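Peer 1: what's the 3D shape of this:
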Amino acid sequence: MKKLLAAVLIAAPMAAVAGSVSDDFTITANVAEKCVILNGPADISVNYDPFDTTPVTDSTTVEYDCVKQTTYDITVQGQNGVLTGSTHGDTLTYNLTTNPASLTGLTDTNGIVSGSPETLTIDVEIPAGQNVSVDTYTETVDVTITY
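Peer 2: You can find the predicted model right below:
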């Protein structure tokens, strides 16, 4: 009997060590749509000659990037397509075009791959032959990425 009791006492701690319990947990990472402007458009400054028969043109670029598969729209908008003189109130009309031409429903399929941002080129044309006074003409143009 003593041998049986000794065997039970020796085996009891081993039985407790042989059991185990576990549980688990989940790791979740949500990635939201997002775009950033890396390099904003440079200001454009041109000389306009009312006697010149060719329009004045220039361009600027915007470098931006979005999280992969983000759908976004870009708007490029001046207040009214008119440069207003600071002294005499005369105006110069201008036109904006973009490359790419369509700026709605875009999807960034590259994501934020190093060294490959998206580029938007904005071309400005001030038509020739506008009868204006000596002055400095300005307009603020906003570039907005909506995602």
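Peer 1: in this protein, which strand is the longest?
Peer 2: Using DSSP state E to assign secondary structure, the strand with the most residues in the chain is strand 56-66.
Peer 1: direction included, what does it pair against?
Peer 2: Using DSSP bridges, the strands paired with strand 56-66 are strand 35-39 (antiparallel), strand 118-126 (antiparallel).
Peer 1: low-confidence ranges in the chain?
Peer 2: The model of the chain has pLDDT under 70 over residues 1-17, 79, 114-115.
Peer 1: can you rerun that using 80?
Peer 2: 1-17, 79-80, 110-115 (pLDDT under 80).
Peer 1: which parts of it are strands?
Peer 2: 35-39, 56-66, 71-78, 82-85, 91-93, 95-99, 106-107, 118-126, 137-138, 141-146.
Peer 1: turn these into JSON lines, including mean neighbour count and distance to residue 22.
Peer 2: (C-beta placed from N, C-alpha, C; glycine too.) JSON lines is the format used below for the strands of the chain (neighbours: other CB atoms under 10 Å; distance: least, CB to CB, whole Å):
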{"stretch": "strand 35-39", "mean neighbour count": "14", "distance to residue 22": "42"}
{"stretch": "strand 56-66", "mean neighbour count": "17", "distance to residue 22": "41"}
{"stretch": "strand 71-78", "mean neighbour count": "15", "distance to residue 22": "42"}
{"stretch": "strand 82-85", "mean neighbour count": "16", "distance to residue 22": "71"}
{"stretch": "strand 91-93", "mean neighbour count": "16", "distance to residue 22": "73"}
{"stretch": "strand 95-99", "mean neighbour count": "14", "distance to residue 22": "58"}
{"stretch": "strand 106-107", "mean neighbour count": "14", "distance to residue 22": "42"}
{"stretch": "strand 118-126", "mean neighbour count": "17", "distance to residue 22": "47"}
{"stretch": "strand 137-138", "mean neighbour count": "16", "distance to residue 22": "69"}
{"stretch": "strand 141-146", "mean neighbour count": "14", "distance to residue 22": "47"}
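Peer 1: of the ones you listed, which approaches residue 47 most closely?
Peer 2: Closest of the strands of the chain to residue 47 is strand 56-66, at 7.6 Å (criterion: CB to CB).
Peer 1: and that closest one, C-alpha only, in CSV?
Peer 2: The C-alpha coordinates for strand 56-66 follow below in CSV (Å, rounded to 0.1, in the frame of the first residue of the first chain):
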residue,chain,number,x,y,z
VAL,A,56,1.1,83.3,-73.5
THR,A,57,1.4,79.8,-72.2
ASP,A,58,3.1,78.2,-69.2
SER,A,59,2.6,75.1,-67.0
THR,A,60,3.2,73.8,-63.5
THR,A,61,3.0,70.3,-62.0
VAL,A,62,1.7,68.7,-58.8
GLU,A,63,3.2,65.6,-57.5
TYR,A,64,0.9,63.5,-55.3
ASP,A,65,0.4,60.0,-54.1
CYS,A,66,-2.5,58.0,-52.7
